[in-house]
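Q: Quick check, what structure comes out for this input:
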Amino acid sequence: MASSGNPSGAPFVVQRDGRAATVADLAPLAFAGYAHFTAMQVRGGRVRGLDLHLDRLRSASKELFGRALPDDRMRSCLRAALEDGPADLSLTATVYLPAGEFTVADPDAEPEVLVRTGPPASGPRGPLALAPAEHERFFPAVKHVGEPAKTHFLRRAADRGFDDAVFVDRRGRLSEGTIWNLAFWDGSAVVWPAAEMLTGTTMGIVRRQLDRLGVPQRVREITTAGLPGLAGAVVMNSWTPGVAVHRIGPVSLPPAPAFVDLLHRAYAAEPLTSP
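A: The predicted model follows:
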């Protein structure tokens with residue numbers, strides 16, 4: 001079995017279609033980049049927003065491969081990876097075609113699933129400083145692999161003393177971070193950027209729970225020039241529903257702890273579900 005230890009002694013795993021992955025299984029994928037994935041935090045053997053993860057995998061498979069695996073097959077692969085493991089962990093499910101890259105795939109080939117588990121994560125403490133970078137992701141609505149630009153811009157930002165990068169599109173709109181969604185507070189409502197981006201599962205969880213809490217939400221274009229008029233900003237991803245951002249480029253932003261707390265409360269209101 002491809003696995004690594006953890007402090008509790010229970011194994012983390014790498015599985016292909018619900019079975020322990022072998023070197024022969026993994027070797028063709030080592031240099032492959034035509035695939036998509038979802039990442040989640042498992043707590044007590046359960047997941048928040050499981051429906052959103054399944055929707056993401058289904059729609060991305062249809063976009064990239066023209067077909068998708070049934071949800072029950074996907075859930076079976078997730079359950080297999082959780083068996084005999086620790087109750088709390090990180091899980092990444094990657095979907096790909098055996099044909100790999102740079103080939104014409106068999107139209108009847110079914111996607112396969114690679115699931116990896118590892119230690120649980122909760123993200124950085126923050127607050128973070130983000131460096132604006134002009135970049136638009138290819139297939140922005142798909143969480144696909146093979147994106148060296150993300151690491152490139154992260155490292156360039158770190159070289160300049162920032163914690164990470166934030167992307168600005170050709171129209172000057174802030175869209176998303178390297179591995180993050182953005183959210184802002186205007187003093188009365190949560191503001192989501194209007195731009196082409198990946199809609200994160202945590203973003204989806206927070207949005208529907210804010211609706212249930214009756215918290216106003218708006219979608220509008222956010223530019224660096226408009227940042228001084230905002231009352232707070234965060235980044236969010238599968239690790240966390242909110243890490244405060246105190247600076248984007250040269251513009252400082254208020255800490256807004258109540259805004260961060262609101263997002264964490266909304267996320268915590270989402271029920272945990274077993275795969």
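Q: quick one: the strands in the stretch 51-200 of the chain?
A: Taking DSSP state E, counting those that start in this stretch to define them, one finds strands in the stretch 51-200 of the chain at 89-96, 112-118, 128-134, 164-168, 174-177, 181-185, 190-193.
Q: where along the stretch 1-150 of the chain do the helices fall?
A: For the stretch 1-150 of the chain, the helices defined by DSSP state H, counting those that start in this stretch cover 23-26, 50-65, 71-82, 148-159.
Q: can you redo the ones you listed as TSV with mean neighbour count, distance to S188 and mean pLDDT?
A: All C-beta atoms are positioned from the backbone trio N, CA, C, and that covers glycine. Listed next are the helices of the stretch 1-150 of the chain as TSV, based on neighbours: other Cβ atoms under 10 Å; distance: least, Cβ to Cβ, whole Å; pLDDT from 0 to 100:
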stretch	mean neighbour count	distance to S188	mean pLDDT
helix 23-26	12	50	88
helix 50-65	19	27	97
helix 71-82	18	38	97
helix 148-159	14	31	97
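Q: just so I know, which of those lies nearest V142?
A: Closest approach to V142 among these is made by helix 50-65 (4.8 Å; Cβ to Cβ).
Q: Let me have the strands of the stretch 51-200 of the chain in a markdown table, adding mean pLDDT and distance to T22 as columns.
A: Below are these laid out as a markdown table (pLDDT from 0 to 100; distance: least, Cβ to Cβ, whole Å):
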| stretch | mean pLDDT | distance to T22 |
| --- | --- | --- |
| strand 89-96 | 96 | 16 |
| strand 112-118 | 96 | 12 |
| strand 128-134 | 98 | 39 |
| strand 164-168 | 98 | 36 |
| strand 174-177 | 98 | 36 |
| strand 181-185 | 98 | 36 |
| strand 190-193 | 98 | 43 |
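Q: would you turn the ones you listed into a markdown table with distance to T224 and mean neighbour count?
A: Below are the strands of the stretch 51-200 of the chain laid out as a markdown table (distance: least, Cβ to Cβ, whole Å; neighbours: other Cβ atoms under 10 Å):
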| stretch | distance to T224 | mean neighbour count |
| --- | --- | --- |
| strand 89-96 | 32 | 22 |
| strand 112-118 | 35 | 21 |
| strand 128-134 | 6 | 20 |
| strand 164-168 | 7 | 25 |
| strand 174-177 | 7 | 24 |
| strand 181-185 | 12 | 24 |
| strand 190-193 | 12 | 22 |
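Q: so which of those gets nearest F102?
A: strand 89-96 (13.4 Å).
Q: Contacts made by that closest one with the rest, please.
A: Here strand 89-96 makes contact (Cβ atoms under 8 Å, 6 or more residues apart in numbering) with 12, 29, 32, 34-42, 47, 53, 57, 60-61, 65, 69, 74, 77-78, 81-82, 111-121, 145, 238.
Q: what do you get if the cut-off is 7 Å, keeping everything else the same?
A: If you take Cβ atoms under 7 Å, 6 or more residues apart in numbering as the criterion, strand 89-96 is touched by 12, 29, 32, 34-42, 57, 61, 77-78, 81, 111-121, 145.
Q: same check, this time on stretch 47-58
A: Under Cβ under 7 Å, 6+ apart, the answer for stretch 47-58 is 38, 40, 68, 71, 74, 93, 95, 143, 201, 204-205, 270, 272-273, 275.
Q: List just the nearest of those to L130.
A: K143 (20.1 Å).
Q: related to what we said a few turns ago, between the helices of the stretch 1-150 of the chain, which gets nearest to F184?
A: helix 148-159 (19.4 Å).
Q: For R46, list each beta-bridge partner.
A: R43 (DSSP bridges).
Q: what about it, neighbour count?
A: 14 (other Cβ atoms under 10 Å).
Q: ok, it touching S274?
A: Yes - between R46 and S274 a contact is recorded at 5.1 Å, counting by Cβ atoms under 7 Å.
Q: Okay, A165 and E134: tell me how far apart.
A: 10 Å (Cβ to Cβ, to the nearest Å).
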